[in-house]
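Chemist: sequence below, structure please.
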Amino acid sequence: MNSFLLIDTTEHNKARVELWQDKMVGRVTKIVNRTLSERLIFIIESFLKQHKTKLTELSGIAVRVGEGSFTGIRTGAATGNALGYSLKIPVIALKIGEEVSQLKFPKIWSLRAQALPVYGKPPTITKTKK
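Modeler: Numbering: from 1, shown residues only. Take a look at the predicted model:
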């Protein structure tokens, strides 16, 4: 059976992870505040353990990209791409309006190799100069 993981970190201070096997098997949403990059991999690991699924059993990873938290999108894409690379499985980006249930597995998975972040607006990391 094809299993894939959805990583959604577009909401400010939240991480959502879903497991799909023809349909959604489970979902977890965690409040992460400013610890997303430190906690995301542990959230994924704990979630998969709860659903008796190993990382090595995944067939692919989908990462939600688009409008939302700049740092969250970057962290989610980097984590998804790192997992995909290390597990040798495809990673795709889901943009705004694309739904997981619309994915044609496995055909669409062979089309893309990694998830590239799509930011809705420029980052506001520093104050703008006058």
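Chemist: quick one: what helix or strand has residue 93 in it?
Modeler: Using DSSP states H and E, residue 93 sits in strand 91-94.
Chemist: so what strands line up beside that strand?
Modeler: Paired with strand 91-94 in the same sheet, following DSSP bridges, are strand 60-64 (parallel).
Chemist: quick one: the helices in this structure?
Modeler: With helices called from DSSP state H, the chain shows them at 36-50, 70-87.
Chemist: off-centre distance for the strand holding residue 93?
Modeler: 8 Å (Cα atoms, centre = their mean, to the nearest Å).
Chemist: low-confidence regions, the chain specifically.
Modeler: Scanning the chain for pLDDT under 70 picks out the ranges 1, 101-114, 116-130.
Chemist: could I get the helices of the chain as CSV with mean neighbour count and distance to residue 56?
Modeler: To be clear about C-beta, it is placed using only N, CA and C from the backbone, and glycine gets the same treatment. Formatted as CSV, the helices of the chain follow (neighbours: other Cβ atoms under 10 Å; distance: least, Cβ to Cβ, whole Å):
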stretch, mean neighbour count, distance to residue 56
helix 36-50, 16, 10
helix 70-87, 19, 7
